[in-house]
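K.L.:
What follows is a protein structure lacking sequence information:
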């Protein structure tokens, strides 16, 4: 069903305000979830919105644990990750202008929807952004293993341009649990690379998936392994089997495009030329277009905004209305 965007925003903000958040806080979180839906990422969209409402009812209040020049550490104290990340981006904007770089660590936070949304917000302010988040719980098996001992540890990278930012938003798993649950609901099989059953065997039956798998075998595993250290152990956050969904970590790097002396015009010109090279290269058989990272999501966002509505399943809509 198609639902008016403004109606969805109102439903979400009312639910968050009832849970105890201020108007500005409710707007920040709502925008993050709506953005995921607009970009065609239902796995991190409104289907899981009730989780953040529960977080709002049991939130801590973040504080600055330490700050030294262009480096800051936020202690979330169990605060909602969306709000701590928003605060980090605001802090980084002026710091980047002075130092050319800003590094923000966050510990003991609850989730923020997607690192790509944080990266997009920073890129809209003119900063190159690298956003790494610890998933908070062991959902995924290592390459060669069958037990869930690590998290999916998503990545967001944002590149500012003269138009909309270029955004990479991805996790280290082959597929999110949301899509496995969706396949089960629709009675569909899944590829054998998505997950394994309780015996550690690949399965195409979504109802039997016990543990999800990293993308690209050892490559996704290696990336997830390193990121779990950088977004967990490095920040004093428990990881692996000791992970806690309410005590996650995140590590963000914000860079000025001119920190190495490259002018803004030169930077944008070089990026645009690279994009042109990619877009004008020969198509592979069976393909009608070559997309740059985040392009399809941006196209979907613009289309939804033009229509003023988002395609949403009725069950999710009814849950929002009940919150």
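P.N.:
Yes, it's here. Computed from a predicted structure; not experimentally measured. Residues are numbered from 1 along each chain as shown.
K.L.:
Flag every buried residue along stretch 30-45.
P.N.:
For stretch 30-45, burial by neighbour count (16 or more other C-beta atoms under 10 Å) applies to 30-45. Every C-beta, even on glycine, is put in place using the N, C-alpha and C of the backbone.
K.L.:
Flag the helix or strand of the chain with the lowest per-element mean pLDDT.
P.N.:
Ranking every helix and strand in the chain by mean pLDDT, DSSP states H and E puts helix 177-186 at the bottom, with a mean of 86.
K.L.:
which other residues reach that helix?
P.N.:
42-44, 47-48, 139, 189-190, 194-195, 206-207, 209, 212 (C-beta atoms under 8 Å, 6 or more residues apart in numbering).
K.L.:
Report the buried members of those residues.
P.N.:
42, 43, 44, 47, 48, 139, 190, 194, 195, 206, 209, 212.
K.L.:
Pull up the gap between the closest residue in space to the first one that isn't next to it in sequence and residue 101, please.
P.N.:
Nearest residue to residue 42 in three dimensions, chain neighbours excluded: residue 178, at 6.8 Å (C-beta to C-beta, 6 or more residues apart in numbering). In this structure, residue 178 and residue 101 are separated by 35 Å, where distance is defined by C-beta to C-beta, to the nearest Å.
K.L.:
Over to residue 29?
P.N.:
Distance from residue 29 to residue 101, by C-beta to C-beta: 28 Å.
K.L.:
on that earlier part again, so which of the buried ones among the contacts of helix 177-186 is the closest to residue 315?
P.N.:
Residue 315 has its nearest neighbour among the buried ones among the contacts of helix 177-186 in residue 47, at 8.4 Å by C-beta to C-beta.
K.L.:
Confirm that that closest one sits in a helix.
P.N.:
Yes: per DSSP: H, G, I helix; E, B strand; the rest coil, residue 47 lies within a helix segment.
K.L.:
So what sits opposite residue 196 in the bridge?
P.N.:
For residue 196, the beta-bridge partners under DSSP bridges are residue 202, residue 211.
K.L.:
Can we start the residue count at 731 from this point?
P.N.:
In the new numbering, first residue 731, that becomes residue 926.
K.L.:
Next one, pLDDT for it please.
P.N.:
Per-residue pLDDT puts residue 926 at 95.
K.L.:
what about it, how many neighbours?
P.N.:
22 (other C-beta atoms under 10 Å).
K.L.:
Check the gap between it and residue 933 for me.
P.N.:
Taking C-beta to C-beta, one finds residue 926 at 6 Å from residue 933.
K.L.:
so how far is residue 745 from the residue nearest to residue 772?
P.N.:
Distance from residue 908 to residue 745, counting by C-beta to C-beta: 20 Å.
K.L.:
for residue 929, same thing?
P.N.:
Look at residue 929 and residue 745: by C-beta to C-beta, they are 41 Å apart.
K.L.:
quick one: which of the two has more around it?
P.N.:
Neighbour tally, residue 929 and residue 745, criterion other C-beta under 10 Å: the higher count belongs to residue 745, 22 against 9.
K.L.:
my guess is the more buried one contacts residue 1052, does it?
P.N.:
No: look at residue 745 against residue 1052 with C-beta atoms under 8 Å: they stay out of range, at 9.0 Å.
K.L.:
Not including adjacent chain positions, what is the nearest residue to the most centrally placed residue in the chain?
P.N.:
Nearest to the mean C-alpha position of the chain, by C-alpha atoms, centre = their mean, lies residue 844 at 1.5 Å. Leaving out its chain neighbours, the residue that sits closest to residue 844 by C-beta to C-beta, 6+ apart is residue 774, at 4.8 Å.
K.L.:
ends of stretch 1000-1017, how far apart?
P.N.:
26 Å (C-alpha to C-alpha, to the nearest Å).
K.L.:
That one - what's its average pLDDT?
P.N.:
Summarised as a single mean, pLDDT over stretch 1000-1017 is 96.
K.L.:
Could I get the buried residue list for it?
P.N.:
So, applying 16+ other C-beta under 10 Å, buried residues of stretch 1000-1017: residue 1001.
K.L.:
any chance you could map the helices in the stretch 781-930 of the chain?
P.N.:
Counting by DSSP state H, counting those that start in this stretch, the segments of the stretch 781-930 of the chain that form helices are 811-829, 845-854, 907-916.
K.L.:
Turn those helices into a markdown table, including mean neighbour count and distance to residue 946.
P.N.:
Listed next are the helices of the stretch 781-930 of the chain as a markdown table, based on neighbours: other C-beta atoms under 10 Å; distance: least, C-beta to C-beta, whole Å:
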| stretch | mean neighbour count | distance to residue 946 |
| --- | --- | --- |
| helix 811-829 | 20 | 27 |
| helix 845-854 | 26 | 19 |
| helix 907-916 | 16 | 17 |
